[in-house]
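Visitor: everything below, folded, please.
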Amino acid sequence: MYQVSKSVSFCYGHRLLNYEGKCQHLHGHNARAVITFESNTLDERGMVEDFSEVKRLLWSWLDEEIDHTMLLHRDDPLLPVLSEAGERVRVTDENPTAEVIARMIFEYVAGKGYPVTGVTLWETETSYASYRPGN
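Guide: Presented below is the predicted three-dimensional model:
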């Protein structure tokens, strides 16, 4: 089994509802996502995936959807205020935790037909969450 990973960095803001602690307030992160691909075989170039192609795929989506965007739960009372002010906001059905963001990235890449097996999202230098689909 061959395995390769691509890392991309981006910034986002969020806050968590029904949470007691610092993360209940609006704040931002300089995040890094590591996307892992696996294959039993290599393509005609000798690759699982071309890192440049993966970067283009990921960056175009991240730039549109997450980078420098406030991720808020659909029930967040600040959503209408920020939207009306013209701020970049992405609405989520769940609290926009690192776990949920990792799954969002996984689902996007998998939906494009890539052999992605997992995504790890580093929210800080010391904290990360991973998503891999269950059996």
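Visitor: which residues are contacting stretch 110-118?
Guide: If you take CB atoms under 8 Å, 6 or more residues apart in numbering as the criterion, stretch 110-118 is touched by 3, 35-39, 48-49, 54, 57, 106, 109, 130-132. To be clear about C-beta, it is placed using only N, CA and C from the backbone, and glycine gets the same treatment.
Visitor: and it, what's its mean pLDDT?
Guide: Mean per-residue pLDDT for stretch 110-118: 96.
Visitor: now do stretch 59-69: everything it contacts.
Guide: By CB under 8 Å, 6+ apart, the surrounding residues in contact with stretch 59-69 are 8, 10-13, 33, 88-90, 101, 104-105, 108.
Visitor: so residue 58 touches residue 8, yeah?
Guide: Yes - between residue 58 and residue 8 there is a contact under CB atoms under 8 Å: 5.1 Å.
Visitor: quick one on the thing from earlier: got a winner among the contacts of stretch 110-118 for most neighbours?
Guide: residue 35 (25 neighbours; other CB atoms under 10 Å).
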